[in-house]
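> sharing a model that was predicted from the sequence below.
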Amino acid sequence: MKEATKSKYAFVANIIEDIDIRLEGFYPRLGRMIPMFVWRGIYIASALLGNGYKCVAEYDTFGRATGCTVLVTMTAKQMVSRPWAWLGRLSTLRACRYAQDVLGVDIIGLGSLTKSITDEGYYLKENGISIPITHGDAYSVASGLNGIDMLCDRFELRPKTIALVGAYGKIGSAMTKILARKYNVIAMGRKKELLEKLSDETDQPIHITTDLKEALEGSQLAIMTTSAPYSIINEKVLENGRTYYLYDLGQPYNLFPDRYWDLVRKGYRIIRVDGGFEGTGKPFDIGFWMRLNKGVVYACYVELVTQALEGDPNDYLGPVDIGHVAETGRRAEKWGFRHQPLSCFNQPLDEVLKKAKPHWKGGRS
Ligand SMILES: NC(=O)c1ccc[n+]([C@@H]2O[C@H](COP(=O)([O-])OP(=O)(O)OC[C@H]3O[C@@H](n4cnc5c(N)ncnc54)[C@H](OP(=O)(O)O)[C@@H]3O)[C@@H](O)[C@H]2O)c1
């Protein structure tokens, strides 16, 4: 591995919701003037014309690397829904080509759903992206494991059984294999055959189910790691009167704020933690909001940054290599990244709980 010279990296991700166009770096004014349904049409039209991405920020990283954020201007729903998924994939490829050929970056990191729709990044490699690509899921696993420990410590939770929701995804399957060494695991996913394959690949016995309610009911803590572009938690899968601990790694979230507060107001006791939210003690400004508080970045982003800083020229695509999870943890520690104090929708968890608790009466944990 060569010692890092000043490298340049690009984080390529899609916008999450249509209103993201109002962010600084995009079109804050026009974003407010033009109705959102028109914007949704503009996103598709721009992508069809080949302009479905934008470099929204370029910034220094610890004086050792230059970072760029390139966003595909299609919403998470558009990226994965049937009529436009092919266009999301093509726009992601175009954004990566732009990063490689025009911005001249040495390494690309894939964020949000760009990896899920590009065959874990292999589609990009097969179509002209020759520089290293990482999907950042190894450190997302490492960060998630730290976050779960923090959550358990905070609530003195000693879970016997943990549910993995989206269990045969990249993050889900690695976490299943690691957590099954210590806990009973309920692996939940929509496809039975992929759950069975995951079960065969896991050294310890695990329970598999396609029923989210069963997974939540049978566990004391659930890790949400699906690529669903909508809230998957609703009244049908919850039981009123017990406490749910949810560690939500989904981007978009697997439980959105509006649904969360709706459920809380109906008395559902849900303690939800933002998954994979990382920060560093050093000043670190990524020049763009990206739906996070200043100084906070996604775990997959940390993997990209530290790979660039370390000058590691390898691709990290496909299933997460468990050995690499530990290596990304070491790199993050070296460069001062760590899981942020527990938060929920970017607010300190304790503040959210203070607002939520008056709605919770009685119940068991
Ligand atoms: N917070 C962070 O720092 C961070 C870092 C990296 C990734 N992420 C996010 O974490 C999530 C997972 O990433 P990944 O790379 O592991 O994605 P992935 O490999 O595409 O896995 C996602 C899994 O979710 C499953 N899924 C989709 N909809 C579902 C639903 N309604 N119910 C149950 N399962 C469902 C998919 O399987 P089926 O479609 O077959 O059901 C797939 O197996 C994404 O939202 C990603 O953006 C967050």
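Arrived safely.

> contacts and neighbour counts: CA atoms only from here.
Will do.

> and the helices in the stretch 51-200 of the chain, which stretches?
76-80, 85-97, 122-125, 137-154, 170-179, 192-201 (DSSP state H, counting those that start in this stretch).

> quickly, which of those bottoms out on average pLDDT?
Of all those, mean pLDDT reaches its minimum on helix 76-80 (a mean of 92).

> dump that one to PDB, keeping only the CA atoms.
The C-alpha atoms that make up helix 76-80 are tabulated as PDB, following Å, rounded to 0.1, in the frame of the first residue of the first chain:
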ATOM      1  CA  ALA A  76     -34.500   7.500  -4.000                       C
ATOM      2  CA  LYS A  77     -38.000   6.400  -5.100                       C
ATOM      3  CA  GLN A  78     -37.200   7.200  -8.800                       C
ATOM      4  CA  MET A  79     -33.900   5.400  -8.500                       C
ATOM      5  CA  VAL A  80     -35.500   2.100  -7.500                       C
END
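
> got the domain boundaries for the protein?
7-138+280-339, 140-277+343-359 (automatic domain parsing).

> return the residues of the protein in contact with the ligand.
112-113, 116, 137, 140, 165-166, 168-172, 189-191, 225-228, 232, 249-252, 275-277, 298-300 (CA under 6 Å from any ligand atom).

> mean neighbour count added to the domains of the chain, as JSON lines?
Putting the domains of the chain into JSON lines (neighbours: other CA atoms under 10 Å) gives the following:
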{"stretch": "domain 7-138+280-339", "mean neighbour count": "19"}
{"stretch": "domain 140-277+343-359", "mean neighbour count": "19"}
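
> quick check: bridge partners of Ala65?
Per DSSP bridges, the residues bridged to Ala65 are Ser7, Thr61.

> quick one: it and Ala10 touch, right?
No: look at Ala65 against Ala10 with CA atoms under 8 Å: they stay out of range, at 10.7 Å.

> rank the domains of the chain by pLDDT, which is bottom?
Lowest mean pLDDT within the domains of the chain: domain 7-138+280-339, at a mean of 93.

> please state the offset of that domain from the chain centre?
11 Å (CA atoms, centre = their mean, to the nearest Å).

> can you tell me how far the nearest residue to Gly276 once chain neighbours are set aside sits from Gly172?
Distances taken as CA to CA, 6 or more residues apart in numbering place Ala299 nearest to Gly276, at 5.0 Å, with adjacent residues excluded. Distance, Ala299 to Gly172, by CA to CA, to the nearest Å: 15 Å.

> one more: Arg158?
Counting by CA to CA, the gap from Arg158 to Gly172 is 21 Å.

> before we move on, what about Ile19?
Taken as CA to CA, the span from Ile19 to Gly172 is 29 Å.

> please apply the same query to Leu151.
Counting by CA to CA - Leu151 and Gly172 are separated by 18 Å.

> ditto for Val305
Distance from Val305 to Gly172, by CA to CA: 22 Å.

> if we can go back for a sec, restricted to strands, list the residues of the chain next to the ligand.
Among these, the members found in strands (DSSP state E) are 165, 277, 298.
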